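# sequence below, structure please.
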Amino acid sequence: MIALKTLTGINTSNMTYKEKDSLQREKDIARVEHMLSVLKDYWLERPYLRLGQLVSNAFYVLPEYTNPELDVADIFYIPDNRLLEGLSKLTESERESKSKGTA
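Presented below is the predicted three-dimensional model:
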């Protein structure tokens with residue numbers, strides 16, 4: 001459980017399996033809630049987008065997709081943190097376009 005200890009800052013070496021499982025579930029719930037919050041905020045600013053478009057756009061701005069040397073062209077495998085980075089990149093790109101008057 002080194003990864004869990006590193007991620008949470010909690011020493012899990014003396015925890016029972018049930019305690020570790022409960023901690024993992026709390027972490028998962030927090031991750032899901034954060035992801036949904038970010039998606040909601042982004043989507044509310046762009047209600048004309050469908051969910052599939054939003055997720056797809058966030059994927060296609062990532063280097064994994066734009067670099068033909070990497071064989072990662074399936075959105076199914078994108079980790080949540082990378083999707084969040086893609087949404088952030090999209091937001092930055094949109095801001096830059098608006099400031100330049102090209103949006």
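
# and the host helix or strand of Gly86, how far out from the chain's middle?
Taking DSSP states H and E as the criterion, Gly86 maps to helix 80-100. In terms of CA atoms, centre = their mean, to the nearest Å, the centre of helix 80-100 is found 12 Å from the chain centre.

# repeat that for stretch 33-50.
On CA atoms, centre = their mean, the centre of stretch 33-50 falls 12 Å from that of its chain.

# so for it, mean pLDDT?
Stretch 33-50 carries an average pLDDT of 93.

# mind exporting it as PDB, just the C-alpha atoms?
Taking C-alpha atoms only, stretch 33-50 is exported to PDB below (Å, rounded to 0.1, in the frame of the first residue of the first chain):
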ATOM      1  CA  GLU A  33     -17.100  14.400  -7.300                       C
ATOM      2  CA  HIS A  34     -14.200  16.600  -8.400                       C
ATOM      3  CA  MET A  35     -14.400  15.300 -11.900                       C
ATOM      4  CA  LEU A  36     -18.100  15.900 -12.100                       C
ATOM      5  CA  SER A  37     -17.700  19.400 -10.700                       C
ATOM      6  CA  VAL A  38     -15.100  20.300 -13.300                       C
ATOM      7  CA  LEU A  39     -17.200  18.800 -16.100                       C
ATOM      8  CA  LYS A  40     -20.300  20.700 -14.800                       C
ATOM      9  CA  ASP A  41     -18.500  24.000 -14.700                       C
ATOM     10  CA  TYR A  42     -17.000  23.600 -18.100                       C
ATOM     11  CA  TRP A  43     -20.300  22.400 -19.600                       C
ATOM     12  CA  LEU A  44     -22.500  25.100 -18.100                       C
ATOM     13  CA  GLU A  45     -20.300  27.700 -19.800                       C
ATOM     14  CA  ARG A  46     -20.800  25.800 -23.100                       C
ATOM     15  CA  PRO A  47     -24.400  24.400 -23.000                       C
ATOM     16  CA  TYR A  48     -24.400  24.000 -26.800                       C
ATOM     17  CA  LEU A  49     -22.000  21.100 -26.500                       C
ATOM     18  CA  ARG A  50     -23.100  17.500 -26.000                       C
END
